[in-house]
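1. quick one, structure for this:
(chains A and B)
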Amino acid sequence: MTPQQPLEIRDISLTPADILARIDAQISHRRAENKYPPADELRSAWSQLVPDTVSTHVDDDYIFQLLKELTMASYLQEVRFSSTVPIVGQVIVAIRRAWNWMSTRWYVLPLIKQQSRYNEQVIVSMYRLLQSNQALQTQVNELQQRLSKLEHTGGND
Amino acid sequence: MRIFQITNGMMSGDAVSNHVQEIDVRLRQWGYATEIFAGYIAPEMEHRVRPDAECGPSLADPDSLLIYYYSIYNPNYRYFLQARGKRVLVYHNITPAHYFHGWDTRQEMQCVLGRAALKELVAVADLALGDSDFNRQELLQFGAPPEKTGVLPIFLSNFDAYPTDGGLLKQLKARQITNWLTVGRVVPSKGLHDLIRLFGVYRRAVNPDSRLYVVGSMSIPAYATALYKLAQSLGVSDGVIFTGRVSDTHLATYYQAADLYVAASYHEGFCVPVVESMHFGVPVLSRKATALPETLGNAGILFTHLGYEPVAEMADLLVTDRELRIRVIQKQKERLQAFNTMAVENTLQEVIGKFR
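-> Now for the predicted structure:
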């Protein structure tokens, strides 16, 4: 086995060296029979499916705070009725609940959910734009540095 | 003392939800007045759980104890900041955002925000607990003083209470097929793209009569589609089965039918499925990453990287070498004792005792 051996058997009562030797022998045997798929095939099979991304992160504290506050406000919740009035209070609550159930719940609740989904999408879109903006800013900074260097050297490195 | 718990969501078949319920049961048995609040409440939980927006009176009570569970960013974390009583943070880990980059902006943003908010939570917590030492270490990195941290292992579901689905079990065990299993959300941090490639090597070179069952919700369509295509391109698409989210009964059945559990995750804060595999006597082959080696202890077999050929051959030995298999399972059963109900109850009692 090469030093790159990936297996770690922590239970020494299993006699790890024996197990690794058996695995070595099995690998040699199957390699001789050309059984394993080529490593390149395994690598490229996944690498061509990974989305193209620009490595970015949003690290501005103010933006963080803003996003957090927006997220907190984005989730709309159904009102639950309660009352602190003794005895009669529970009756009031029951009547309000019944009225809400009959008249508004079937109409308002889907709207609440729709609005919450919309709010969330807006915030996610903002986050995506922020990421994109930061990536562009990084590129601009790099280009400016290269331009300054060129101006300084007159294009002669 | 009134003890109330706030969490992201309460639903059946969810490890954190189960943990919250088990704690609630113990606290009531010990004579405390308790309440559970959550941002999302599944219909089957409505009788026990109230919306988090209704926790105001509990927050205002200076003699109360709030236990807040943090596993995903949720605006309800502000209640933890506002509470006037004692505050215990239970951290189940938030996946580093970069695993979602390019796959799902919403989840990436939630992870970024979640980790940023963790600093605020740690700053006000009277006690910050991880469900593993790995998670406790992260709490320290986020500024928690060591003396205000600890480990509270998770209460596991009582799988013995779930009946087996005989029809499904028969179907899974048909034709002596070897079943690999992995359980968890279908997200990039679980390393499923590595697992499918590993399974591809195993199936093509070692055992063509094998299947990989991926049991868990598919919350990122782009990633799920890429995994389908990967399995197709490796010629093993008929052997990789994505079940989606399943009931507890079906989950128990998948464990019973499994010959091997493989955890290829890059990031786990604890990994309940590994412990469940130990419970069901399924040998575990796991990546040596984040909390996984801690959860396994000296049990199971680890791989540090892929290494597809040796890891696939190790998988074969765990399935076919009867003596090795029995010894690995035995060691896992011993390790399981660290997570038994009594041990978790004792730790919980110690935690609550600090605030009496």
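
2. what sits against the closest residue to chain A within chain B?
-> Proximity of chain B to chain A (CB to the nearest CB) peaks at B:G307, 3.1 Å away. For every residue, glycine as well, the C-beta is placed using N, CA and C. With contacts defined as CB atoms under 8 Å, 6 or more residues apart in numbering or on different chains, B:G307 is in contact with A:4-7.

3. could you redo the last one with a cut-off of 6 Å?
-> Shown in contact with B:G307 (CB atoms under 6 Å, 6 or more residues apart in numbering or on different chains): A:P6.

4. same question for stretch B:170-183, mean pLDDT?
-> Stretch B:170-183 comes out with an average pLDDT of 92.

5. packing partners of the strand or helix carrying A:T138?
-> Counting by DSSP states H and E, the element that carries A:T138 is helix A:105-153. Identification of packing neighbours for helix A:105-153 by 3 or more CB pairs under 6 Å, 6 or more residues apart in numbering or on different chains; DSSP states H and E yields helix A:61-74, helix B:105-124.

6. what comes up buried for the last one?
-> Yep, that's helix B:105-124 we're talking about. By neighbour count on 16 or more other CB atoms under 10 Å in any protein chain shown, the buried set for helix B:105-124 is B:106-118, B:120-122.

7. near chain A, which of those show up?
-> Taking CB under 6 Å from any CB of the partner chain as the test, chain A is in contact with B:106, B:109, B:113, B:116 out of these.

8. of the buried residues of helix B:105-124, closest to B:H250?
-> Of all the buried residues of helix B:105-124, the one with the least separation from B:H250 (CB to CB) is B:Q107, at 25.4 Å.

9. for that closest one, what are its contacts?
-> B:F100.

10. ok so, going back, and the helices and strands packed on helix A:105-153 as a markdown table, adding mean pLDDT and distance to B:E276?
-> Output for these, formatted as a markdown table (pLDDT from 0 to 100; distance: least, CB to CB, whole Å):
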| stretch | mean pLDDT | distance to B:E276 |
| --- | --- | --- |
| helix A:61-74 | 76 | 33 |
| helix B:105-124 | 90 | 24 |
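
11. any chance of JSON lines for these, columns distance to B:I41?
-> Putting these into JSON lines (distance: least, CB to CB, whole Å) gives the following:
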{"stretch": "helix A:61-74", "distance to B:I41": "19"}
{"stretch": "helix B:105-124", "distance to B:I41": "19"}
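
12. of all those helices, which lies closest to B:V246?
-> helix B:105-124 (21.5 Å).

13. now do the helix or strand following that closest one: distance to the chain's middle.
-> Counting by DSSP H and E, the next helix or strand C-terminal to helix B:105-124 is strand B:127-130. Centre-to-centre, strand B:127-130 and its host chain are 17 Å apart (CA atoms, centre = their mean, to the nearest Å).

14. name the helices or strands packed onto the next helix or strand after strand B:127-130?
-> Under the assignment DSSP H and E, the closest C-terminal helix or strand after strand B:127-130 is helix B:133-141. In terms of contacts (3+ CB pairs under 6 Å, 6+ apart), helix B:133-141 is packed against strand B:127-130, strand B:149-151.

15. again, only using 8 Å
-> strand B:86-91, strand B:127-130, strand B:149-151 (3 or more CB pairs under 8 Å, 6 or more residues apart in numbering or on different chains; DSSP states H and E).

16. if we look at the shortest one, which residues are touching it?
-> Yep, that's strand B:149-151 we're talking about. B:127-133, B:135-136, B:139-140, B:347, B:351.

17. swap the cut-off to 10 Å and go again
-> Strand B:149-151 has contacts (CB atoms under 10 Å, 6 or more residues apart in numbering or on different chains) with B:88-91, B:122, B:125, B:127-137, B:139-140, B:270, B:294, B:347, B:350-351, B:354.

18. centre of the chain to the helix holding A:T138, how far?
-> Relative to its chain's centre, helix A:105-153 lies at 15 Å (CA atoms, centre = their mean).

19. likewise for stretch B:226-244?
-> Distance of stretch B:226-244 from its chain centroid, counting by CA atoms, centre = their mean, is 24 Å.

20. swap in stretch B:105-119?
-> On CA atoms, centre = their mean, the centre of stretch B:105-119 falls 19 Å from the chain's centre.

21. with just CA atoms, put it into CSV.
-> Provided in CSV are the C-alpha atoms of stretch B:105-119 (Å, rounded to 0.1, in the frame of the first residue of the first chain):
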residue,chain,number,x,y,z
THR,B,105,-28.1,30.8,-2.9
ARG,B,106,-30.9,30.7,-0.3
GLN,B,107,-29.3,28.0,1.8
GLU,B,108,-25.9,29.6,1.4
MET,B,109,-27.2,32.9,2.7
GLN,B,110,-29.0,31.2,5.6
CYS,B,111,-25.7,29.6,6.6
VAL,B,112,-23.8,32.9,6.3
LEU,B,113,-26.4,34.7,8.5
GLY,B,114,-26.6,31.7,10.8
ARG,B,115,-22.9,31.7,11.6
ALA,B,116,-22.9,35.5,12.0
ALA,B,117,-25.8,35.3,14.5
LEU,B,118,-24.1,32.6,16.4
LYS,B,119,-21.6,35.2,17.8
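
22. in stretch B:150-164, which residues are buried?
-> With burial defined by 16+ other CB under 10 Å, the residues of stretch B:150-164 counted as buried are B:150, B:152-157.

23. restricted to strands, list those.
-> Applying DSSP state E to the buried residues of stretch B:150-164, the entries found in strands are B:G150.

24. report pLDDT for B:E46.
-> With respect to pLDDT, B:E46 has a value of 87.

25. quick check: it touching B:M10?
-> Yes. Shown here, B:E46 and B:M10 form a contact pair, counting by CB atoms under 10 Å, at 9.0 Å.

26. these two: which is more packed in?
-> Between B:E46 and B:M10, counted using other CB atoms under 10 Å in any protein chain shown, the more crowded position is B:M10 (25 against 11).

27. and that one, how far is that from B:L81?
-> Per CB to CB, to the nearest Å, B:M10 is found 21 Å from B:L81.

28. walk me through the domains of the chain.
-> You didn't say which chain, so I picked chain A. According to automatic domain parsing, chain A comprises the domains A:12-47, A:61-153.

29. actually, chain B is the one I wanted.
-> Listed domain ranges for chain B are B:2-155, B:159-338 (source: automatic domain parsing).

30. of these, which approaches A:K149 most closely?
-> Among the domains of chain B, domain B:2-155 comes nearest to A:K149, with 30.8 Å by CB to CB.

31. quick one: residues contacting residue 67.
-> All of this refers to chain A. By CB under 10 Å, 6+ apart, the residues touching A:L67 are A:58, A:60, A:123-124, A:126-127, A:130, B:109, B:112-113, B:116.

32. looking at chain B here, not the other one
-> Counting by CB under 10 Å, 6+ apart, B:I67 touches B:3-7, B:20, B:23-24, B:27, B:34, B:36, B:80, B:86-90, B:127, B:129, B:152, B:348, B:351-352.

33. and if you look at A:I92?
-> A:I92 neighbours (CB under 10 Å, 6+ apart): A:81-83, A:85.

34. which members of those residues additionally contact chain B?
-> Checking the contacts of A:I92 against chain B by CB under 10 Å from any CB of the partner chain, the ones in range are A:S82.

35. in chain A, what helix or strand scores lowest on average pLDDT?
-> The helix or strand of chain A with the poorest confidence is helix A:61-74; it has a mean of 76 (mean pLDDT, DSSP states H and E).

36. who in the stretch 151-300 of chain B is up against chain A?
-> Counting by CB under 10 Å from any CB, the residues of the stretch 151-300 of chain B near chain A are B:188, B:193-194, B:196-198, B:200-201, B:203-206, B:222-223, B:225-236, B:285-288, B:293, B:296-300.

37. okay, which residue is most central for chain A?
-> The centroid of chain A falls nearest to A:V124 when counting by CA atoms, centre = their mean (11.3 Å).

38. and the gap between that residue and A:R80?
-> Applying CB to CB, the value for A:V124 to A:R80 is 28 Å.

39. fine by me, we can end here.
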